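Q: the amino acid sequence is not available; the structure is as follows:
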């Protein structure tokens, strides 16, 4: 279980409070108006931002002071998920081990992952030779080989077309189910949230609220969410 | 590759043969260069001394003195070779040098009697010009003419300081007037002799401050008689280059041996065509062919080391004032 | 930034910066401590200070102001010989001072090419000696450097921005205001500070082109204090003044260039759509021609003087050449070992002091560093045995400011863009360095290495203070040839030096030019 115990995260412009817990294997959408701190919440969980008070716990371990790479978290960002000078396979391989020279077994793992995301035979290409959707798939393949307990998505598919985005979300849903990964996903689109997550966390007015059922939330939205949904 | 070269450098610098004594002579850089007297002097002295002669080149005479002062009493040098009369007083005042025991019949145009500093060569400062162009006969004529000259800065160059002394020795209290009058003839002032001479050869000036022996280089080494030195009626200021033994030497006898060697033909005959100066003791074989074509000034000017040191700062101020306008 | 985790530690960079500062300030102190009572700064020193600051300011402003249109023209034009021209831009900078002076005067001197043209038109010859001559020479040395630095940052503008500008149909002035100016605002202050610092330590160039003691600079005053007056205290004091002036300029530059970075983009070739107007074309062509003419004429003069003697060079020149190459390579290695961690530390956002110590190398008087090192080394080692390593080290420190200007912007971009991703993949320290930082900076590293090697080839450095007759570098050998009346051989050796330096630069910078080309 992921637990944020009375956490305060201070950004230069605002303070975000979070006191919530998320069950293992859950798929949670993070909803809220622009600038409310959705990304800040993910960054705190991933370790890119220090919490100024409170604790972050995963299962029995205390993550509060752990470096990002030491937390069992894989994260996809809005952009810049791939190194342009490395091939797709090398990019995926970095999820296994920080090196560009992999063993045969590791290469097989990478190939399997690339095949799993629908990119067999694309391993030798550089990111600039791939389409946006394909780049997202490479990033997903890397998250797959990382075998982390939690996957954080900070709108990595925002730039994709609707059909492509749906395709990617379905792929994510499939993968996290297979691997029993906990998913936290920032979203602007209620449809995205409904599509793959049963639970949602509302971030508004400087607070990340405890997760509630997605449908319940949309059926009876609080004022902040109502304004946002329009 | 670079390791090899570094290693070679390290070895080259420290390779004293274990049982042969080593004599270290600090001198100016052009003395030790492949085209200077250094290599021949080293070979000639080592042939007789049963020792290793280590020549160390330090830019110019002023740098040489600064180096010895910096190292003080625990300097590695046994001998310093390459000071001139303008530096002798400052050198003597350091108390680092000891008297010599050299007896020689110096063929300098002036009397030389100094118990510490032994001359090894000398020359006259002169303005060098293209032989086919007319040259003024004295400083006043130069100042009145449109002749353009390039000179060296006395603060950074030995000839530059020599010119300061030349005009001071010739004109005394009138020196500043001469400088005022010369200021519009001076194209520019350079850091060192090489820059000035290079500018002259490129045609930037009609004359350059150098030595009466400069045309000998062009004549002997390049078979080019197109350069001449202009004889000046005031007389020509001399540069006398000297060497001296350091009090701190561990090789006192060897140092004496070197100073004595320095005034022999073996050393002196090397000087004219490598240092392009007059030997302090004319060798039995005489001067090389070509030297007889050089001008011989009627009058030799030279301030004593004490006088040179005494007038130096005031002369520099006059120079700065005149040329800064 | 401070509340973020970082993929790298700043301590190697800090250590390097402290090492450099200790070298520069330590040698200064070593000299000062050896001082006997001196006379302090006199009126002539203050006059030297005024003249130095005046000429350095004018030279820096003019060099950078002219570099902007030249860099812009080079950034958006493709023409045969462009690569060679960009490479040759490095040439004036790496020439030994004495060679450059003679080359310049063959063009602009009283009997130079330009004056010949004037005379044939019935005009008086060009009057080159004076403040304008000093500035001309300094622009000759520094315009190419400033151009390369600015060109470099120009090429860091993401292609996406030019695409966007083309899409919005931005005119020349809007383009400048919105896209180019923000980049210039970042790169120009640094370039200004670097050029200012270089001109601050000018001596032989300023004196010769300045036409006499009116053009006395601080460096000459230091020289005088050392050699003429043997007043070490005054030498140290003056050197301190140089350092303070440079530090001040560097601080100002840092302050001016602070704030928002340029955007990031994918690796895509740089194509621009704004260069088709006929006026833009003409202007670019004119700028490139003028710059090329101004820079290449003296180089041609040097080439013409040297070519005759090139095949009959004395053996001593050839052995000096090998030594110089070895020193240049060692110096380049030292430079990268210092500059890369320092650039990374600056990129992590804790850079002010590091950048400062990086630029001090330029302001430090070689005479003071050399003498200081001599004083420090002598009790523990034979300074002559250390001549080459010390020369390599000092040359590296002198090249450091340029290397940092080249490396820092890209290091910053890499850290900004990839640190989160790398952290999430648990790539830190050495892994981040080898997998992300170094590959992403290959072009900049090559450029910096090429420049450092070429600079080291051409710089007399401190070798003259330490030299052993058997281990001369090529620049020292050139001075020796001149001192022995052998101007022809010296000219040939200078040409050899020019060719080799350019060759080294070309080889090392090849990666960089690949980038510059795309």
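A: Here it is on my side, so go on. Predicted model, so just to flag it, every value in this text is computed and none were measured. Numbering: from 1, shown residues only, chains lettered A, B, ... in the order given.
Q: how many neighbours does residue A:41 have?
A: 26 (other CB atoms under 10 Å in any protein chain shown). Where C-beta positions appear, they are placed from N, C-alpha and C, glycine not excepted.
Q: let me know the average pLDDT across the strand or helix carrying it.
A: For residue A:41, the host element (DSSP states H and E) is helix A:38-46. The average of the pLDDT scores along helix A:38-46 is 90.
Q: what about the closest residue to residue B:176 other than its chain neighbours, neighbour count?
A: The shortest distance from residue B:176 to any non-neighbouring residue, by CB to CB, 6 or more residues apart in numbering or on different chains, is to residue B:318 (4.0 Å). Neighbour count of residue B:318, defined by other CB under 10 Å: 21.
Q: quick one: residue C:480 is in a helix?
A: Yes: looking at residue C:480 with DSSP: H, G, I helix; E, B strand; the rest coil, it is inside a helix.
Q: and for the helix holding residue A:41, what's in contact with it?
A: Identification of contacts with helix A:38-46 by CB atoms under 8 Å, 6 or more residues apart in numbering or on different chains yields A:2, A:4, A:7, A:9, A:11, A:16, A:18, A:30-32, A:49-51, A:56, A:63, A:68, A:71, A:73, A:75, A:150, A:152, A:154, A:184, A:186, A:201, A:203, A:208, C:424.
Q: and the residue of chain C closest to chain A?
A: Nearest to chain A in chain C, going by CB to the nearest CB, is residue C:426, at a distance of 2.6 Å.
Q: in what helix or strand does residue 217 lie?
A: Picking chain A for this. Going by DSSP H and E, residue A:217 is part of helix A:214-219.
Q: you answered for a different chain; I wanted chain B.
A: With DSSP H and E as the test, residue B:217 turns up in helix B:214-222.
Q: mind giving me the packing neighbours of that helix?
A: strand B:118-130, strand B:227-230, helix B:271-274 (3 or more CB pairs under 8 Å, 6 or more residues apart in numbering or on different chains; DSSP states H and E).
Q: got the angle for the following helix or strand past the second one vs strand B:118-130?
A: Sequence-wise, the next helix or strand downstream of strand B:227-230 (DSSP H and E) is strand B:236-246. With axes from the mean of the first three to the mean of the last three CA atoms, to 10 degrees as the criterion, the two stretches strand B:236-246 and strand B:118-130 enclose an angle of 150 degrees.
Q: for strand B:236-246, name the packing helices and strands.
A: Partner elements for strand B:236-246 (3+ CB pairs under 8 Å, 6+ apart): strand B:79-84, helix B:85-93, strand B:97-98, strand B:118-130, helix B:158-171, helix B:252-262, strand B:300-301.
Q: what's the closest of those to residue C:455?
A: Nearest to residue C:455 among those is helix B:158-171 (29.3 Å), distances taken as CB to CB.
Q: hang on, the earlier thing: give me the pLDDT for the residue nearest to residue B:176.
A: Confidence score, pLDDT, at residue B:318: 93.
Q: so where does it fall, helix or strand?
A: helix B:305-323.
Q: rewinding a little: now do the contacts for the residue nearest to residue B:176.
A: B:175, B:176, B:179.
Q: just residue B:130 next, same as before
A: Going by CB under 8 Å, 6+ apart, residue B:130 touches B:206, B:226, B:227, B:228.
Q: what about the third one, how many residues nearby?
A: Put plainly, it is residue B:227. Residue B:227: 20 neighbours (other CB under 10 Å).
Q: roughly how far does it sit from residue B:201?
A: 9 Å (CB to CB, to the nearest Å).
Q: find the closest residue to chain C in chain A.
A: For chain A, CB to the nearest CB, closest residue to chain C: residue A:69, 2.6 Å.
Q: is it possible to export the contacts of residue B:318 to a markdown table including distance to residue C:244?
A: What follows is the contacts of residue B:318, written out as a markdown table (distance: CB to CB, whole Å):
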| residue | distance to residue C:244 |
| --- | --- |
| B:175 | 38 |
| B:176 | 36 |
| B:179 | 35 |
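Q: which of these count as buried?
A: With burial judged by 16 or more other CB atoms under 10 Å in any protein chain shown, the buried subset of the contacts of residue B:318 is B:175, B:176, B:179.
Q: was I right about the first one contacting residue B:315?
A: Yes: taking CB atoms under 8 Å as the contact criterion, residue B:175 and residue B:315 are neighbours in contact, 6.6 Å apart.
Q: what's near enough to touch residue B:98?
A: B:116, B:244, B:245, B:246, B:247.
Q: try 10 Å
A: B:115, B:116, B:244, B:245, B:246, B:247, B:248, B:249, B:252, B:255 (CB atoms under 10 Å, 6 or more residues apart in numbering or on different chains).
Q: can I get the buried part of these as one ChimeraX selection?
A: Here is the ChimeraX command that picks out the buried ones among the contacts of residue B:98, judged by 16+ other CB under 10 Å:
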select /B:244,245,246,248,249,255
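Q: got the contact list for residue 144?
A: You didn't say which chain, so I picked chain A. A:74, A:92, A:95, A:109-110, A:112-114, A:116-117, A:151, A:175-176, A:178-179, A:181.
Q: not quite, I wanted chain C
A: C:63, C:67, C:70, C:86, C:88-94, C:291, C:294-295 are the contacts of residue C:144 under CB under 10 Å, 6+ apart.
Q: swap in residue C:461?
A: C:327, C:331, C:366, C:369-370, C:387, C:390-398, C:455, C:473, C:475-476.
Q: find the nearest non-adjacent residue to residue 6, please.
A: Since you didn't name a chain, this refers to chain A. residue A:54 (4.2 Å).
Q: actually, chain C is the one I wanted.
A: Nearest non-adjacent residue to residue C:6 (CB to CB, 6+ apart): residue C:348, at 5.5 Å.
Q: before we move on, what about residue C:45?
A: residue C:221 (5.3 Å).
Q: the one you found against residue C:43, yeah?
A: No: using CB atoms under 10 Å, residue C:221 is not in contact with residue C:43; the gap is 11.5 Å.
Q: okay, the two: which has more neighbours?
A: Set residue C:221 next to residue C:43 and count neighbours by other CB under 10 Å: residue C:221 wins out with 30 against 7.
Q: now that one: which helix or strand?
A: helix C:218-223.
Q: stretch B:266-276 near chain C at all?
A: Yes: on the criterion CB under 10 Å from any CB of the partner chain, stretch B:266-276 is in touch with chain C at B:274, B:275, B:276.
Q: so, low pLDDT: which residues of chain A?
A: When the per-residue scores of chain A are filtered using pLDDT under 70, no range remains.
Q: and for chain C?
A: Using pLDDT under 70, chain C drops low at C:1-5, C:37-38, C:166-167, C:169, C:258-276, C:350, C:467-469, C:511-518.
Q: okay, domains of chain B per the record?
A: Domain assignment of chain B by automatic domain parsing yields the ranges B:21-122+B:239-291, B:123-237+B:293-323.
Q: in TSV, list those domains along with distance to residue C:145.
A: Below are the domains of chain B laid out as TSV (distance: least, CB to CB, whole Å):
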stretch	distance to residue C:145
domain B:21-122+B:239-291	28
domain B:123-237+B:293-323	23
